[in-house]
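Trainee: How does the following fold in three dimensions:
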Amino acid sequence: MALIQPKQILIFFLITIVITGYFSCKTEDLGIYNPILIAADERDLGNELMRTIYDNPSDYNLLDKTAYPKVYSYLNLAWTMVRNQTEIRDYYDWEVFVLHDDVNLDAYTLPGGKLGITTGMLKQMSSEPQLLAVMGHEAYYNDRINQNAVDAISKVMDRLKFMVSNNDGMGTKVFKDVINGISDMNVSMVDYCRDIEYDPSVTFEADEFMMNEVICEHAYSPMGLKSLLLEAENNNWINFHWLNARPPSISVDDDDVYTFTYRKEVLEDLENMILGSDTCNSTEEMLDTDEYIEMMEALP
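Mentor: You can find the predicted model right below:
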């Protein structure tokens, strides 16, 4: 039996160092998906941005938690129910913040499981399944269920990192050492997250996630989102910010490969699949819980 020579041991040792160093660098490369590292980034940034919102009441007209406990109690419970279907649920500090704004119809997420929603959006919804559908759609952008969700949030995170530093390799240090205390920059970050427009293909992925991973698990009608889109179309809600930022919206050209009509057809196909599945708990009835009704009645 041939003995291993010292020269062979040295070569093997050097190869091991190179391989180990390579993958260590890849872990630190924030463009490469690493669920723990990126999730920690997003959690820390989300908490910082929430502090910014609370510290700048002139920029964000928050609905007071102590004055409207039923609103926050229901919404946080619903958001928790939605987040329990995500892959990333244990790494974030999930919470809902409500903006006292009856004009804009909007809902959006900040990194780290933060959901913002306007009173206008809440009041415009006509059923609980509509609200759960919007929440489920938004939860997709904070999840890791498939590569498209990773790509969507990674683009957001890369943009936010660029806003504070040209050195993306700093990782969580960017957020802990640089963002802390820069309130004017934080406001820009919140505004960016609110106004970002997603690619239509990502919108379709978020719809599918909402149907299959959220609505399918609960006794809610899967028709919530399609009914909301139909109401928007019938009432010509061109100023529907949430819908316009998640195209295809009402204003999208019908010649586009992703059309508003096609989105409704895809939702209908998903609805039929869920209602015909023995593994889904959804129902065709558009039932509203007592908690939802009390929340709606408590809105200012």
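
Trainee: CA atoms for contacts and neighbours, from now on please.
Mentor: Fine.

Trainee: Can you name the residues that contact Arg246?
Mentor: Glu197, Tyr198, Asp199, Pro200, Thr203 (Cα atoms under 8 Å, 6 or more residues apart in numbering).

Trainee: Please tell me I have it right and the fourth one contacts Tyr258.
Mentor: Yes - Pro200 is within contact range of Tyr258, at 6.7 Å (criterion: Cα atoms under 8 Å).

Trainee: what do those two both touch?
Mentor: Common neighbours of Pro200 and Tyr258, using Cα under 8 Å, 6+ apart, are Pro248.

Trainee: quick one on the thing from earlier: taking the contacts of Arg246, please make a PyMOL selection of just the buried ones.
Mentor: Those of these that count as buried under 16 or more other Cα atoms under 10 Å are selected in PyMOL with:
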select buried, resi 197+198+200+203
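
Trainee: So which of the contacts of Arg246 sit within helices?
Mentor: Pro200, Thr203 (DSSP state H).

Trainee: Columns distance to Lys226 on top of the contacts of Arg246, output as CSV?
Mentor: Listed next are those as CSV, based on distance: Cα to Cα, whole Å:
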residue, distance to Lys226
Glu197, 20
Tyr198, 19
Asp199, 19
Pro200, 16
Thr203, 13
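
Trainee: would you list every one of the strands in the stretch 101-250 of the chain?
Mentor: Under the criterion DSSP state E, counting those that start in this stretch, the stretch 101-250 of the chain carries strands at the ranges 107-110, 114-118.

Trainee: and among those strands, the most buried is which?
Mentor: Greatest average neighbour count among these goes to strand 107-110 (a mean of 24), per mean count of other Cα atoms under 10 Å.

Trainee: what about Asn76, how many residues close to it?
Mentor: Using other Cα atoms under 10 Å, Asn76 has 17 other residues around it.

Trainee: give the contact list for it.
Mentor: So Asn76 contacts Glu95, Val96 (Cα under 8 Å, 6+ apart).

Trainee: Report the distance from the helix or strand hosting it to the chain centre.
Mentor: Assigned by DSSP states H and E, Asn76 falls within helix 69-83. Distance, stretch centre to chain centre, for helix 69-83: 15 Å (Cα atoms, centre = their mean, to the nearest Å).

Trainee: Let me know the angle separating it from strand 114-118.
Mentor: 130 degrees (axes from the mean of the first three to the mean of the last three Cα atoms, to 10 degrees).

Trainee: what's the next secondary structure element after helix 69-83?
Mentor: Following helix 69-83 toward the C-terminus (DSSP H and E): strand 95-99.

Trainee: For that following strand, output the C-alpha coordinates as CSV.
Mentor: C-alpha atoms of strand 95-99 as CSV (Å, rounded to 0.1, in the frame of the first residue of the first chain):
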residue,chain,number,x,y,z
GLU,A,95,-46.0,44.0,13.1
VAL,A,96,-48.6,46.2,11.4
PHE,A,97,-48.7,50.0,11.4
VAL,A,98,-51.7,51.9,10.2
LEU,A,99,-51.5,55.3,8.5
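
Trainee: Next, the angle strand 114-118 makes with that strand.
Mentor: If you take the same axes, to 10 degrees, strand 95-99 sits at 20 degrees to strand 114-118.

Trainee: Can we start the residue count at 39 from this point?
Mentor: Right, with 39 as the first residue, what we last looked at is strand 133-137.

Trainee: residues in contact with strand 133-137?
Mentor: 98-101, 110, 113-114, 117, 151-157.

Trainee: Averaging pLDDT per element, find the lowest-scoring helix or strand in this protein.
Mentor: Scoring the helices and strands of the chain by mean pLDDT, DSSP states H and E places helix 44-66 at the bottom, with a mean of 41.

Trainee: need the contacts of Arg284 in CSV with pLDDT and distance to Arg89, can you?
Mentor: Listed next are these as CSV, based on pLDDT from 0 to 100; distance: Cα to Cα, whole Å:
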residue, pLDDT, distance to Arg89
Glu235, 86, 24
Tyr236, 85, 25
Asp237, 84, 29
Pro238, 88, 31
Thr241, 91, 29
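
Trainee: Which single one of the contacts of Arg284 is nearest to Arg121?
Mentor: Here the nearest of the contacts of Arg284 to Arg121, counting by Cα to Cα, is Thr241; it sits at 18.2 Å.

Trainee: Am I right that the closest one is in contact with Ala283?
Mentor: No - taking contacts as Cα under 8 Å, Thr241 lies outside contact range of Ala283: 9.4 Å.
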